[in-house]
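K.L.:
return atomic coordinates for the entry below.
(chains A and B)
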Amino acid sequence: MISFSGRKLSQSIILSLFLSFTVGAPAIAQSTEQKGFEISARSDRSDRGFSDSRVKLKMILRNAAGAESARTLEISTLEIPDENIGDKGLLIFSSPADIDGTALLSHVKILKPDDQWLYLPALKRTKRISSVNKSGPFVGSEFSFEDITGQELNKYTYEYLREEPCGELVCDVIKRLPRYEYSGYTQQIAWIDRKVYQTRKIEFYDRKGDLLKTLSFEDYRLYQKKFWRAQKMFMNNHQNGKSTDLIYSEYTFGVGLSEKDFVKGVLRRIR
Amino acid sequence: MRRASLLILCLILVFVATAQAEERPGVLHQIDLSGFIAGELQVFPEGPQFDDQLDHYQPSLIFEPEFSYDSQSRRHQFNFIPFARLDGQDDERTHFDIREAYWRYVGTEWELLVGLNRVFFGVAESRHLVNIINQIDQVEDIDEEDFLGQPMINIATQRDWGRVDLYLMSGFRKRTFPGPEGRLRTVLPVDEDSAEFESDLDEGQPDVLTRYSHFIGDWDIGIYHFYGTGREPVLLPVADGTEFKPRYEVINQAGVDLQLTREATLYKFEGIIREGQGRTFGALVAGVEHTFFQIYESEADLGILAEYLFDDRDDDAPVTFLDNDLFLGTRLSLNDIQDTSALLGIVTDLENSSTTLRLEAARRIGDRWKIEFESQWFFNIDDTDPLTNFKEDSFFTLRLSRFL
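P.N.:
Sure thing, here's the model as predicted:
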C-alpha cells in the first residue's frame, strides 16, 4: 500500500513539475489544485489497504428541540483498490425495531449513480433502487447518502486554501468541489491535520452556496498500526438546527469478506 | 402439516445444538428476538352483499414474533417465525401458521436452506405475477403480500456469472379463504378442507423450481421454471351448491422478471407462461416508476408509477380480474425520523372500466410503535368482473403495532 501510494504520488509530482515547466503562468493555479489533491490523496490513502472491515454504528438523530431518536446498524465494507471504482458496502439495520433486518447494498461509483439494492424483510423483497439523488437524507438523519458514501478521492477536485491551527494540531484547509453532477453541494471545506493526515472537520455548502452543515470527527484511534478511524462524528445542520451523532464501535479489519458477500443474492439471507 | 412443523422444529433445535458445539465452546451467542404484536380494526362502511357476512367492524389481534440465531462464524443461521391472528368476527380468519422455521448454511460458493421459508420474486407493484413459491394467506389481505411458510430444501450457488437457486418442495399449503362471516369473499364461501388435487400424491406432490438471477450494469434479471402443484386454485361449486371447493392442478410455469434502472426511472417487466390450467396462457406486467427527489425543496420524495397488466388465461384457469388493466400510482416518502410514507394506486379494467383504488400509509411512533392505515375502494364494478364479489366491501383498516 505504501509503495502503491508512493508511486502515485511521485507520478503526480512529475506531472505537476512537467506542467509548471511547460505552461508557465497558470502554474500557480495548477499548484494550489495539485497541492489540495495531494494532501487529500495522502489522507485518503493513509487509510486504505485494509481490504475489508466491519463496524457497528449507532446514529443519534436530534431535532431542533433536542428530542432524540436512535438507529443501530452494522456496516461491512469491501475495499476496491482501484481509485476509479468505488468501494462496496452493506448496511444492516437492527433498530428502530420496525426496520430490523432492513439492508442496503451499495456498489459505489465515482461519478455515476451507485448501484443500490434495498432489502425489505417484511416482504422478503429485494429492490434495486434509484440512487441518482445522493443528497437526500439517510434514514431521516442529517447525513445524506452522499455523505455516507462520498469519501472517495476522485469524487472531488481540490484547491489548497491555507494552513491553520485546529485544536492542538495544525491543519491544511482544502476546498473540495464535487464532480458528481447531481451533488447537493457547491463546495466542501475540509480540515486535514498535518500529524496523521486525518480529516478533522468538513463544512458543507448547499446549492445556493450557503453554509449548510458542519461535520466534526473525534476520537481517532489507530487500528492494526495503520488505519486511523474516528469513533465519533457530529453533524450539525446550521439551517434547520438538527444534528446527528455517529458513534462507531467494534471495528474489525480483515474479516475475510469477498466480492461474493456484496452481491444482491446475499440480501435474502440477512433475515 | 402440524407433524411436519414439529419435526422441522426438532431438527432445528438439533442443528442449533450442533452449531453451538462446533463453534467456540462455552460462548453462547444470544438468540435474537424481534417481530411484533398488533391490534387491528377493519371497517366496512357499506352493508354486506351476501348472507352471513359481518356488518361493519372486524377487530383482530396479530402475533408475529421472530427468533433468530446466527452462529459466531455466521455460517449457520436459524430462524423461527410463528404467526397467529385472532379475529373477532370470522373463525376462518383466526388462524395459526409457521411463517419461517429453517436452518441455513452459508458456504463460500454454496448455500443450503432446510425448513419452512418465504421467498419473493418480482419487481412490479400492482401484481406479484412471477411470485410462486409460497401460498397466499388470502384471509390476511387481498393484496397477495401475505404468505404461508413453505417447506423446502433450497440449494443455491453464487458465481461471477450469477446465482442459481434450486428449490425442492413438498408439503403443499392450501390457500386460506374467509369463512361465511367474512367480507372480501366469493359469492359462495370456499371450504378449504374439501380441496381436490390433480396429483395422486395430493399435498405430497413434489415441486421443483430452478431460478437464475443476476445483475449486469443497470439490468437486474431473474428467470425460472416451476413444475409442481400450482398455488392458485380453480374454485368449483360443490354438489349442493352451497360452497366452493378449491382444485389444485399440476402446472409448468416459466417466469421472467426484469428491471432496468436508469437514473431516477425504473423500467419493470414480469411475464409468465403457464401450462396445465386450461389452454396454455401467458400474462405480463410492464411499467415504469419515476421518482422526483426532494420535491419543493423539502426532504420528501414523490414517485409516480404506471403499469399495464395483461392475462390471456381462459375460463378453465383460476379467475383473475387483472386481464387487461392499467395501474397508476404514486408513492410519497417524507424521509423524516418517523419514516412516514404513503402509497396510492388505482387499477382500472380497460374493457369494462371496473376500478379499484388502494391507499396505504405508515408512520413510526417513538422507537417501538408503528401506525398503519390501509384502505381499498371498489368503483364502477361491472357485473361480469370478478371484483363484483367485493363491490360492497370497500374498507379501511387501522393497525397499531408494537415491535418486540
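K.L.:
going by C-alpha atoms from here, please, whenever you check contacts or count neighbours.
P.N.:
Will do.
K.L.:
got any ranges where the chain has weak pLDDT?
P.N.:
Looking at chain A here, since you left the chain open. For chain A, the stretches with pLDDT under 70 are A:1-30, A:150, A:271.
K.L.:
let me rephrase: I mean chain B.
P.N.:
Residues of chain B meeting the criterion pLDDT under 70: B:1-29.
K.L.:
residues of it that sit close to chain A?
P.N.:
B:34-35, B:79, B:108-109, B:118-121, B:123, B:145, B:158-159, B:163, B:218, B:220, B:259, B:261-266, B:293-294, B:299, B:335-339, B:364, B:366-370, B:403-404 (CA under 8 Å from any CA of the partner chain).
K.L.:
where does the residue nearest the centre of chain B land in three-state SS?
P.N.:
Here the mean C-alpha position of chain B is nearest to the C-alpha of residue B:145 (CA atoms, centre = their mean), at a distance of 3.0 Å. Recorded secondary structure, residue B:145: coil (DSSP: H, G, I helix; E, B strand; the rest coil).
K.L.:
surely it and residue B:136 touch.
P.N.:
Yes - assessed by CA atoms under 8 Å, residue B:145 is found in contact with residue B:136 at 7.3 Å.
K.L.:
interface residues of the stretch 51-200 of chain A facing chain B?
P.N.:
With CA under 8 Å from any CA as the criterion, the stretch 51-200 of chain A meets chain B at residues A:61, A:69-70, A:96-98, A:100, A:113, A:115, A:123-125, A:127-133, A:136-141.
K.L.:
who's in contact with the residue nearest to the centre of chain B?
P.N.:
Each residue near residue B:145 by CA atoms under 8 Å, 6 or more residues apart in numbering or on different chains is listed here: A:123, B:136.
K.L.:
nearest to chain B: which residue in chain A?
P.N.:
Relative to chain B, the nearest point of chain A is residue A:140 (4.5 Å; CA to the nearest CA).
K.L.:
check the gap between that residue and residue A:234 for me.
P.N.:
Residue A:140 sits 15 Å away from residue A:234 when distances are taken as CA to CA, to the nearest Å.
K.L.:
likewise residue B:360?
P.N.:
Using CA to CA, one obtains 35 Å as the distance from residue B:360 to residue A:234.
K.L.:
likewise residue B:254?
P.N.:
Plainly put, residue B:254 is 52 Å away from residue A:234 if you go by CA to CA.
K.L.:
residue B:313 is in contact with residue B:281, isn't it?
P.N.:
Yes - taking CA under 8 Å as the definition, residue B:313 is a contact partner of residue B:281 at 5.2 Å.
K.L.:
comparing those two, which shows the higher neighbour count?
P.N.:
More crowded of residue B:313 and residue B:281, by other CA atoms under 10 Å in any protein chain shown: residue B:313, with 20 against 17.
K.L.:
CA atoms only for stretch B:214-224, dumped as CSV, please.
P.N.:
Extracted in CSV, the C-alpha atoms of stretch B:214-224 (Å, rounded to 0.1, in the frame of the first residue of the first chain):
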residue,chain,number,x,y,z
HIS,B,214,-28.0,-11.8,-11.9
PHE,B,215,-27.4,-8.1,-12.5
ILE,B,216,-25.4,-6.7,-15.3
GLY,B,217,-24.8,-2.9,-15.2
ASP,B,218,-28.3,-1.3,-15.0
TRP,B,219,-30.1,-4.5,-15.6
ASP,B,220,-31.5,-6.9,-13.0
ILE,B,221,-32.8,-10.2,-14.3
GLY,B,222,-34.4,-13.3,-12.9
ILE,B,223,-35.7,-16.3,-14.9
TYR,B,224,-37.2,-19.6,-13.6
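K.L.:
buried residues, that stretch. List them.
P.N.:
Buried residues in stretch B:214-224, counting neighbours by 16 or more other CA atoms under 10 Å in any protein chain shown, are found at B:214, B:215, B:220, B:221, B:222, B:223, B:224.
K.L.:
give me the subset of these lying in strands.
P.N.:
Judged by DSSP state E, strands contain the following of these: B:214, B:215, B:220, B:221, B:222, B:223, B:224.
K.L.:
how about the residues you listed, which pair is most distant?
P.N.:
Of all pairs drawn from these, the greatest distance, 15.1 Å, lies between B:215 and B:224 (CA to CA).
K.L.:
got a list of what residue 138 touches?
P.N.:
In the absence of a named chain, this looks at chain A. The neighbours of residue A:138, taking CA under 8 Å, 6+ apart as the test, are A:144, A:145, A:148, B:335.
K.L.:
switch to chain B, please.
P.N.:
Here residue B:138 is in contact with B:144, B:146, B:175, B:176, B:177, B:178 (CA under 8 Å, 6+ apart).
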